[in-house]
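Asks: Below are the sequence and a predicted model for it; my questions follow.
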Amino acid sequence: MGQIDGFMKYKRENPKSRDPKERLKDYKEVYTPLEKEKLKTNAARCMDCGVPFCHSGCPLGNNIPDFNEAVYQDRWEEAIQILSSTNNFPDFTGRICPAPCEASCVLSINNDPVTIEYIEKTITEKAFEKGYIKPTPPKSRTSKRIAIVGSGPAGLAAAAQLNKAGHWVTVFERSDRIGGLLRYGIPDFKLEKPVIDRRIRLMEQEGIIFRTNSHVGVNVSAQNLKDEFDAVVLCGGASAPRDLPIPGRDLKGVHFAMEFLPQQNKRVAGDKIISSDIFSEEIVATGKNVIVIGGGDTGSDCVGTSNRQGARSVTQIELLSKPPLTRNADNPWPLWPMVLMTSSSQEEGVERKWAILTKEFIGDGNGRLTGLKVVDIVWGANSQGKMGFQEVAGTERVIPCELALLAVGFIGAEKGGMVDELNVELDERGNIKTQNYMSTQEGIFAAGDMRRGQSLVVWAISEGREAARAVDMWLMGSSDLESKDESFVHVAKSA
């Protein structure tokens, strides 16, 4: 390593965040850049640890010690080459990945881990600034045409890799802009959309075709794609939300998080919110008591957006118990730490409550939401040893609420539409069933949340890359595309 004792000399320094009072006035990114020397000392903390567990912690298998050393040595072009060899979009992951690599960093056994995510972001920004990231269209083309359905991180990664292999790639997106979850699921204060736009421009210059307002299975025939293209890769995400079917669910003011968040992203982009099959009405938190049901990242995004819209109050409730402040004995390193975490959105103002069960949505005589009936619960094992919860007697109450946002996860791919038209089988979790990324229909592949279920953006990119290699091998009999999975099994294309 560049400075072998750096981890002993320097402490972790996180990028500074803008003052909450200021950042609540806009949708700009929260964090500001670190000074060059502080970035260098952060990179110097990367140890010569022998077995870099960060590799296995990262779903992409990024070569983290190598690019950290390149940063320490001020070799930015080498750093982006190392990083780009395993990650198509470090400009995305450097902003919105929860950094499982940092949880697996050897330093985190008894110290603060290396700031891997922020270093990754800085490498990419430096590379764009210095002109190291530029269009690299393939030197030669095959005759194969591939359709990618969905332009989220999995679809974009699959498109980039298959284009790199020389195939002709067309990406179909049902929305009016490219990006999928990145565009309409992640708030701008975490990922400003010009970051996506510059990457899409590069991909277009490399020869990838993007078709927006193309809802496969609705206004684009899925069967026609199968007939016209040599392979189809389904990357539509796990977009079927988990509902909360309790009394009062149909009241005005109860919405899924993914009805609420995309609307604000559209406003920031300068778009008007119009009634459609996606948006039945305009949803705003201004002046309302907002309750976010669900304690994960999506719930946190609802908190940050509600505060920026001027909510009267914001409360976030979670069914599970409050996590501990430090690791329990059954949650050792290098596993993901199941400890209390506070997001930048939560820092901006929210009342967080744990072990709360929502029993009923309460409304007025006009069908509008006015409150949530909730009760405290306690978790424990029953007589059969299975974990469950019991209501705490005497704790039932109604919390004032005019806007309830459901952020309780997703249950798999949307049913009907292209899934039915292509006659692909689903697994027991509602995801597309695959073997080596191919569905039960030959030539139809799947990747990302649509295949593995709701997961992280970094996993979606990994899935897209691996699916691309599977497609390339099926079409060509071999592949030069990189794969993290060395046990990849070649499935020969049938005659």
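Replies: The structure has been received and is ready for your questions.

Asks: quick one: which helix or strand includes the closest residue to Ser343 other than its chain neighbours?
Replies: Nearest non-adjacent residue to Ser343, counting by Cβ to Cβ, 6 or more residues apart in numbering: Ser300, 4.2 Å away. In this view, the C-beta of every residue, glycine as well, is placed from N, C-alpha and C. Per DSSP states H and E, Ser300 falls inside helix 297-308.

Asks: And Ser455, by the same measure?
Replies: Using DSSP H and E, Ser455 maps to neither a helix nor a strand.

Asks: any idea of the pLDDT on the closest residue to Trp76 other than its chain neighbours?
Replies: Leaving out its chain neighbours, the residue that sits closest to Trp76 by Cβ to Cβ, 6+ apart is Lys126, at 4.7 Å. For Lys126, the pLDDT comes out at 96.

Asks: For the nearest residue to Met438 once chain neighbours are set aside, what is the enclosing helix or strand?
Replies: Of all residues not flanking Met438 in the chain, Phe445 sits nearest, at 5.3 Å (Cβ to Cβ, 6+ apart). Using DSSP H and E, Phe445 sits within strand 444-446.

Asks: and the helix or strand just after that strand, how far from the chain's centre?
Replies: Downstream of strand 444-446, the next assigned helix or strand under DSSP H and E is helix 449-452. The chain centroid and the centroid of helix 449-452 are separated by 12 Å under Cα atoms, centre = their mean, to the nearest Å.

Asks: same check, this time on stretch 357-372
Replies: From the chain centre to the centre of stretch 357-372 is a distance of 31 Å (Cα atoms, centre = their mean).

Asks: In that stretch, which residues are buried?
Replies: Across stretch 357-372, burial judged by 16 or more other Cβ atoms under 10 Å covers 357-363, 369-372.

Asks: Can you flag which of these belong to strands?
Replies: Residues of those located in strands (DSSP state E): 357-363, 369-372.

Asks: For my notes, please list those residues in TSV and give pLDDT for each entry.
Replies: Below are these laid out as TSV (pLDDT from 0 to 100):
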residue	pLDDT
Leu357	97
Thr358	97
Lys359	97
Glu360	98
Phe361	98
Ile362	98
Gly363	97
Leu369	98
Thr370	98
Gly371	98
Leu372	98
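
Asks: neighbours around Lys353, how many?
Replies: Using other Cβ atoms under 10 Å, Lys353 is surrounded by 16 other residues.

Asks: Bridged to the closest residue to it other than its chain neighbours, which residues?
Replies: The shortest distance from Lys353 to any residue other than its chain neighbours is 4.7 Å, reached at Ile317 (Cβ to Cβ, 6+ apart). Bridge pairing for Ile317 (DSSP bridges) gives the partners Ile293, Lys353.

Asks: Would you mind confirming that Ile317 is in contact with Cys302?
Replies: No: using Cβ atoms under 8 Å as the test, Ile317 is too far from Cys302 to be in contact (11.8 Å).

Asks: shared neighbours of these two, which are they?
Replies: The contact sets of Ile317 and Cys302 overlap at Val292 (Cβ atoms under 8 Å, 6 or more residues apart in numbering).

Asks: more crowded one of the two?
Replies: Higher neighbour count among Ile317 and Cys302: Cys302, with 31 against 22, using other Cβ under 10 Å.

Asks: who's in contact with the more buried one?
Replies: By Cβ under 8 Å, 6+ apart, the contact list for Cys302 reads 257, 260-261, 290, 292, 405, 407.

Asks: Quick one: mark the members of those that sit in helices.
Replies: 257, 260-261 (DSSP state H).

Asks: show me what contacts the residue nearest to Val233 when sequence neighbours are not counted?
Replies: Spatially, and ignoring its direct neighbours in sequence, Val233 is nearest to Phe445 (4.6 Å; Cβ to Cβ, 6+ apart). Neighbouring residues of Phe445 by Cβ under 8 Å, 6+ apart: 231-234, 434, 437-439, 467, 470-471.

Asks: do the same with Arg465
Replies: Residues in contact with Arg465, defined by Cβ under 8 Å, 6+ apart, are 60, 88, 157-158, 161, 481-484.

Asks: at 7 Å what do you get?
Replies: Arg465 is in contact with 88, 157, 161, counting by Cβ atoms under 7 Å, 6 or more residues apart in numbering.

Asks: hang on, the earlier thing: would you confirm that the residue nearest to Lys353 contacts Ala355?
Replies: No: in this structure, Ile317 is not within contact of Ala355 by Cβ atoms under 7 Å, at 9.1 Å.

Asks: Tell me if I am right that Val375 is in a strand.
Replies: Yes: counting by DSSP: H, G, I helix; E, B strand; the rest coil, Val375 is found in a strand.

Asks: so how many other residues sit close to it?
Replies: Counted with other Cβ under 10 Å, Val375 comes out at 17.

Asks: In space, what's closest to it - neighbours in sequence excluded?
Replies: Excluding the flanking residues, the one nearest Val375 by Cβ to Cβ, 6+ apart is Glu396, at 4.5 Å.

Asks: Distance of the one you found relative to Glu125?
Replies: 51 Å (Cβ to Cβ, to the nearest Å).

Asks: show me what contacts the nearest residue to Lys16 once chain neighbours are set aside?
Replies: Nearest-residue entry for Lys16: Thr32, 5.2 Å, with adjacent residues in sequence omitted and distances by Cβ to Cβ, 6+ apart. For Thr32, the contacting residues are 15-16, 18, by Cβ under 7 Å, 6+ apart.

Asks: what's the answer for Thr124, then?
Replies: If you count contacts by Cβ under 7 Å, 6+ apart, then Thr124 has 80, 90-91, 94 around it.

Asks: same deal with Leu422?
Replies: 222, 226, 441, 444.

Asks: Which ones among those residues map onto helices?
Replies: If you go by DSSP H, the contacts of Leu422 have 222, 226 in helices.

Asks: which one of the contacts of Leu422 is nearest Trp76?
Replies: Nearest to Trp76 among the contacts of Leu422: Ile444, at 41.0 Å, using Cβ to Cβ.

Asks: correct me, but the residue nearest to Ser343 touches Ser345?
Replies: Yes: look at Ser300 against Ser345 with Cβ under 7 Å: they come within range, at 4.7 Å.

Asks: So Gln390, which state does it fall into?
Replies: Assignment for Gln390 (three-state DSSP): strand.

Asks: burial of it, as a residue count?
Replies: For Gln390, using other Cβ under 10 Å, the count is 12.

Asks: hang on, isn't it packed against Asp376?
Replies: No: in this structure Gln390 lies outside contact range of Asp376 using Cβ under 7 Å: 10.0 Å.

Asks: before we move on, back to that, from the ones in helices among the contacts of Cys302, which is closest to Gly270?
Replies: Set against Gly270, the nearest of the ones in helices among the contacts of Cys302 by Cβ to Cβ is Leu261 (16.9 Å).

Asks: Quick check: the gap between the closest one and Ala470.
Replies: In terms of Cβ to Cβ, Leu261 sits 32 Å off from Ala470.

Asks: Neighbour count: the two, which is higher?
Replies: A direct count of neighbours by other Cβ under 10 Å for Leu261 and Ala470 places Ala470 higher, at 28 against 23.

Asks: tell me the contacts of that one?
Replies: Counting by Cβ under 7 Å, 6+ apart, Ala470 has contacts 436-438, 445.

Asks: Please identify the buried residues of stretch 74-91?
Replies: Going by neighbour count (16+ other Cβ under 10 Å), the buried part of stretch 74-91 is 76, 78-84, 86-91.

Asks: neighbouring contacts of that stretch?
Replies: Contacting residues not belonging to stretch 74-91 are listed as 60-63, 66-67, 70-71, 93, 120, 123-124, 126-127, 130, 132-133, 153, 156-157, 160, 195, 199, 461, 465, 482 [Cβ under 7 Å, 6+ apart].
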